[in-house]
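Enquirer: Need the 3D shape of this:
(2 chains)
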Amino acid sequence: MDSLPDKPETARFTREGVWHGMKLTTPYSLSALPFGIAFGAAALGTTLSPGEAILMSAITFAGSAQFAVLGLWSVPLPVAAIVLTSFLVNARHIVMGAALYPYIGTLPRRWVFPISAGMTDAGWAITLQAMMNGRRDLGILLGTIIMQWPVWVGGTALGALVGSGGLDVKRWGLDVLIAGVFATSVVGLYRGRSDILPWVAAVAGTVAALLWLPGNWYILIGGLCAGLAGLWSSRDE
Amino acid sequence: MNNFLAFDSVAVIAIAGMALATLLTRVGGFWLMSYVTLSPRLERFLRHTAGGVLVAIVTAAAMKGDPAMWAGLAAAVGIMLLLRKSMTAILSGMAIAIGLRLLGLFPA
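Expert: This is a model prediction of the structure:
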């Protein structure tokens, strides 16, 4: 019950997987547009040129880090602080990648590393859910990137060139869309009672981190609380 | 208005540094794990950590939400539990939040 693959399947990298990933990401990819527009428009409030903002979205492709550095973007540019902030804001990806590794660890690094370079929070959640349900196909992760990257970069260009304030996130229900991607993944991940204690631990760790720590440390702390609680709750198996 | 074609060399270096730092975090987890032997215990730890990361993201989003968002999110979870179709669940939850806000019951 608690072992990794529900229906053990060899790790693969197929075109069908790419399609499947693209299909699963379709509704979510909509939400990248208003945030891309908002980022492009916000970047114009700093010394960033539209070309630089688009370059940042294209090669960094990390919304939360990009918004975080806008606050630092002033002349003279604090390059070290900008790079360090990007690393810290994105440090959660290290844990996410490690958690995905058992499903695709048998695949060659020349496939895994380049594709993991485009892994977003939502892409990770969608891929993890598919893999836990037995579909161990690296193509799924690539599909999530194909559906998100053009929208994020295009949205940035639109915001930076047109300079509009973007869509009203709440009016269009995009807050539910974004949280819903992660919430439905949680439901899809449930395997049995041994999951309950880790999830309660994750909620407790997240609330504590949100109350007492800045930034998005809550993601790492919530994850690690669940990991440790999971070891404890399944210690007799 | 900033000039579209202006590429300041220091800004480009900073952006390249951001991209590299982000790349390290995204590849880093896979890279580190490729040096580790996966024991059943470690697999369990990683599996529960992954679930915890998801729970953390949902918890934080819900704490920042309003009643219309909670209603939409609850509907999405409920439909997912019943039908196991994530796209149907998410789009239904969105529709409920949009509807509640349109009705003005829970102003955005």
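Enquirer: Point out where chain A drops to low pLDDT.
Expert: A:1-8, A:163-167, A:235-237 (pLDDT under 70).
Enquirer: mind checking how far B:Ala74 is from chain A?
Expert: Per CB to the nearest CB, to the nearest Å, B:Ala74 is found 9 Å from chain A. Every residue, glycine included, has its C-beta placed from N, CA and C.
Enquirer: quick one, what contacts that residue?
Expert: B:Ala74 is in contact with B:Gly93, counting by CB atoms under 8 Å, 6 or more residues apart in numbering or on different chains.
Enquirer: Kindly report the same for B:Thr88.
Expert: Per CB under 8 Å, 6+ apart, neighbours of B:Thr88: B:Ile79.
Enquirer: Quick one: neighbours of residue 72, just the number.
Expert: Assuming you mean chain A. 15 (other CB atoms under 10 Å in any protein chain shown).
Enquirer: nope, chain B please
Expert: 30.
Enquirer: do the same with the one 5 residues further on
Expert: For B:Val77, the count of nearby residues is 19 (other CB under 10 Å).
Enquirer: what do you get for A:Gly63?
Expert: A:Gly63: 21 neighbours (other CB under 10 Å).
Enquirer: Next: A:Leu107.
Expert: By the criterion of other CB under 10 Å, A:Leu107 has 18 neighbours.
Enquirer: contacting residues for the residue nearest to it when sequence neighbours are not counted?
Expert: Among residues not flanking A:Leu107 along the chain, A:Ala11 sits closest, at 5.1 Å (CB to CB, 6 or more residues apart in numbering or on different chains). For A:Ala11, the contact set (CB under 8 Å, 6+ apart) comprises A:Tyr103, A:Ile104, A:Gly105, A:Thr106, A:Leu107, A:Arg136, A:Asp137, A:Leu138.
Enquirer: ok, 7 Å please
Expert: Contact partners of A:Ala11, counting by CB atoms under 7 Å, 6 or more residues apart in numbering or on different chains, are A:Tyr103, A:Ile104, A:Thr106, A:Leu107, A:Arg136.
Enquirer: Over to the third one: give its phi and psi.
Expert: For A:Thr106, the backbone dihedrals (degrees, to the nearest 10) come out as phi -80, psi -10.
Enquirer: can you check the first one too?
Expert: In this entry, A:Tyr103 is assigned phi and psi values of phi -80, psi -30 (degrees, to the nearest 10).
Enquirer: With A:Thr156 as the reference, measure out to A:Pro34.
Expert: Distance, A:Pro34 to A:Thr156, by CB to CB, to the nearest Å: 11 Å.
Enquirer: Looking at the two, which is more packed in?
Expert: Ranked by neighbour count (other CB under 10 Å), A:Pro34 and A:Thr156 place A:Thr156 first, with 30 against 20.
Enquirer: how close does that one sit to A:Ala122?
Expert: 17 Å.
Enquirer: Also B:Phe7?
Expert: 30 Å.
Enquirer: between those two, who's got more neighbours?
Expert: For B:Phe7 and A:Ala122, the more surrounded residue by other CB under 10 Å is A:Ala122, and the numbers stand at 23 against 13.
Enquirer: Which helix or strand contains that one?
Expert: Using DSSP states H and E, A:Ala122 sits within helix A:121-132.
Enquirer: Quick check: the residue lying closest to A:Ile219 once chain neighbours are set aside vs A:Ala62, distance?
Expert: Excluding the flanking residues, the one nearest A:Ile219 by CB to CB, 6+ apart is A:Arg92, at 4.4 Å. Separation of A:Arg92 from A:Ala62 (CB to CB): 11 Å.
Enquirer: try A:Ile104
Expert: A:Ile104 is 21 Å from A:Ala62, where distance means CB to CB.
Enquirer: more crowded one of the two?
Expert: Counted by other CB under 10 Å, A:Ile104 and A:Ala62 do not tie: A:Ala62 has more neighbours, with 27 against 22.
Enquirer: Verify the stated contact: that one with B:Leu23.
Expert: No - assessed by CB atoms under 7 Å, A:Ala62 is found out of contact with B:Leu23, at 9.8 Å.
Enquirer: Dihedrals phi and psi, the residue nearest to A:Ile104 when sequence neighbours are not counted?
Expert: If the residues on either side of it in the chain are set aside, A:Ile104 comes closest to A:Ala11, at 4.7 Å by CB to CB, 6+ apart. For A:Ala11, the backbone dihedrals (degrees, to the nearest 10) come out as phi -60, psi 140.
Enquirer: if we can go back for a sec, export the contacts of A:Ala11 to a markdown table and append columns for distance to A:Arg171.
Expert: Below are these laid out as a markdown table (distance: CB to CB, whole Å):
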| residue | distance to A:Arg171 |
| --- | --- |
| A:Tyr103 | 38 |
| A:Ile104 | 39 |
| A:Thr106 | 46 |
| A:Leu107 | 42 |
| A:Arg136 | 39 |
